[in-house]
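>>> Sharing a model prediction with you, sequence too.
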Amino acid sequence: MADLRDEIREGIREGRVTCIVGSGVSVAATYDPARTPNVASWPGLLEEGVARCEKLYPEFRKRAGVVRAEIASGDPDDLISAAEKVTRKLGGPGGGEFARWLRETVGALRIRHPQVPAALHALGIPLLTTNYDDILEEATGLPPITWRDAPQVEHVLRGQGGAILHLHGHWRQPESIILGIRSYDRIVSDKHAQAMQRALRTTRTLLFVGCGAGLEDLNVGALLQWSREVFGGSEYRHYRLVLDAEEEEVQKLHPPEERLFAVPYGLDHAALGPFLEALAPPAVKRSAATVLPVRSARSAVARAVPSPRVLLAGPFFGVPAGLRSDVEALWRNERGPHAAVRILEKLRRREVADRLVCVPRGSAARARSESARGAVGARGCPGERKSVAGCTDPDSRRDGGPHRERSRRLAGGALAGARATGSRRGRARRA
């Protein structure tokens with residue numbers, strides 16, 4: 001199965017892979033033997049819901065045994081039936097008790113075992129999840145969006161913004177939660193949600209991590225059925241990571257026309273983290289800490305950095321001149337908090353992370369004067385609250401209009417100076 005692993009690794013390196021993260025990742029990352037049931041799993045969350053209903057509504061105790069039997073069966077249809085009963089009793093999706101239940105269960109989950117979430121983040125690929133919790137947000141620093149946030153979803157799918165897309169909702173938006181049959185009816189009949197999922201299946205290579213029975217539910221299961229009907233003759237593959245012992249059994253669940261292949265990652269769940277780390281290409285494995293803080297444009301040029309280069313302000317990234325248009329496009333599209341981090345991730349996927357240089361914004365004036373001597377070109381960019389790799393940004397608290405405009409004027413003057421200097425030198429050489 002080494003060939004399939006190589007295919008996944010190549011797809012990640014080329015930026016073609018999107019990862020769909022299931023409850024198995026949250027269960028492992030948040031495991032606490034002192035806390036039962038583990039609400040990161042679908043059955044565990046429902047068991048806690050039944051216990052809560054018994055405590056709050058005595059009349060529910062007569063039906064609790066039936067609901068628990070449905071949960072214990074593990075059958076997706078039975079789980080959805082149990083989920084509907086719990087949701088209704090707690091007043092979901094719009095009731096306050098339902099919202100409190102989500103906040104006190106999945107909303108309270110925190111990472112205790114970070115290897116797998118960190119490894120997923122290090123892959124540098126879009127992360128989607130069927131989970132309701134904040135585990136991936138905690139690992140990546142990215143914000144959550146749900147299937148109901150249509151404009152934001154489109155931005156993420158176009159690579160114009162960084163976020164964790166929750167396919168089945170997020171606990172902070174109770175009405176986005178896909179749990180019981182009514183909620184499945186909502187998402188299955190939502191044209192935008194279904195079009196988005198089909199677009200993912202059509203244009204991306206999907207990598208399922210930590211996904212179990214969730215692939216048989218009414219939403220993802222319907223997507224796979226549609227995939228069988230439409231793409232049975234497709235050459236492109238999708239992948240599902242499984243334990244070595246599960247490979248044969250899981251593959252039987254996915255007929256050839258589904259184009260979904262089981263890829264074993266090890267003998268036990270502890271092997272998943274190292275397996276994911278091995279998938280990351282070398283350029284993606286480098287952390288943002290490899291970006292070098294420097295004090296001036298002159299020192300940036302002097303630090304054995306390839307040439308020619310363009311110096312971007314606000315914070316500054318030094319990138320090969322051939323990527324100038326790509327970087328300018330990123331700056332136009334990546335607005336808001338953490339834009340610098342998202343841009344860095346995209347540049348890392350283009351295998352130039354080891355050549356990036358970060359300069360504090362306070363060096364803009366020095367960059368201008370040194371650029372006039374031909375040291376480096378500069379171009380102004382919108383303000384950012386933080387620079388990467390711990391670089392201090394003395395103007396970060398003052399990113400209002402006047403300061404932003406001042407940064408643009410300084411950087412624009414530096415670029416003009418660099419061009420004028422280059423023109424004078426060219427005329428001198430011809431003379």
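Received the coordinates, thanks.

>>> can you count the residues close to S189?
By other CB atoms under 10 Å, 9 other residues sit near S189. All C-beta spots, glycine's among them, are computed from the backbone N, C-alpha and C.

>>> wait, doesn't L56 sit right on E97?
Yes. The criterion here is CB atoms under 8 Å, and L56 meets it with E97 at 7.1 Å.

>>> Looking at those two, which has the bigger crowd around it?
E97 (15 against 12).

>>> How about the contacts made by H238?
By CB atoms under 8 Å, 6 or more residues apart in numbering, the contact set of H238 is 201, 205-208, 259-261.

>>> do that again at 6 Å, thanks
For H238, the contact set (CB atoms under 6 Å, 6 or more residues apart in numbering) comprises 206, 259-260.

>>> Distance-wise, check it relative to L157.
For H238, the distance to L157 (CB to CB, to the nearest Å) stands at 17 Å.

>>> the helices in the stretch 1-150 of the chain, which residues?
When assigned using DSSP state H, counting those that start in this stretch, the helices of the stretch 1-150 of the chain occupy the ranges 2-13, 23-29, 42-56, 61-73, 76-89, 96-104, 115-122, 135-140, 150-157.

>>> for those helices, which one sits closest to G212?
helix 23-29 (6.2 Å; CB to CB).

>>> Counting by contacts, list what the closest one packs against.
For helix 23-29, the packing partners by 3 or more CB pairs under 6 Å, 6 or more residues apart in numbering; DSSP states H and E come out as helix 115-122.

>>> could you give the mean pLDDT of the helix it packs on?
Here helix 115-122 scores 96 as its mean pLDDT.

>>> what's it in contact with?
Applying CB under 6 Å, 6+ apart, the external contacts of helix 115-122 come out as 25, 29, 111, 135, 139-140, 272-273, 276-277, 280.

>>> If we use 8 Å, what do you get?
If you take CB under 8 Å, 6+ apart as the criterion, helix 115-122 is touched by 19, 21, 25, 28-29, 111, 127, 135-136, 138-140, 209-210, 272-273, 276-277, 280, 284-285, 287.

>>> again, but for stretch 3-23
With CB under 8 Å, 6+ apart as the test, stretch 3-23 has contacts from 40-42, 120, 123-131, 136, 167, 200, 204-212, 214-215, 237, 239, 261, 263, 278-281, 283-284, 349, 351.

>>> Sitting in strands, which of those do you find?
127-129, 205-209, 239, 261, 263 (DSSP state E).

>>> CSV please, covering those residues and showing neighbour count and pLDDT.
Below are those laid out as CSV (neighbours: other CB atoms under 10 Å; pLDDT from 0 to 100):
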residue, neighbour count, pLDDT
L127, 25, 95
L128, 24, 96
T129, 27, 96
T205, 21, 95
L206, 20, 96
L207, 24, 97
F208, 23, 97
V209, 24, 97
Y239, 22, 97
F261, 18, 96
V263, 20, 96
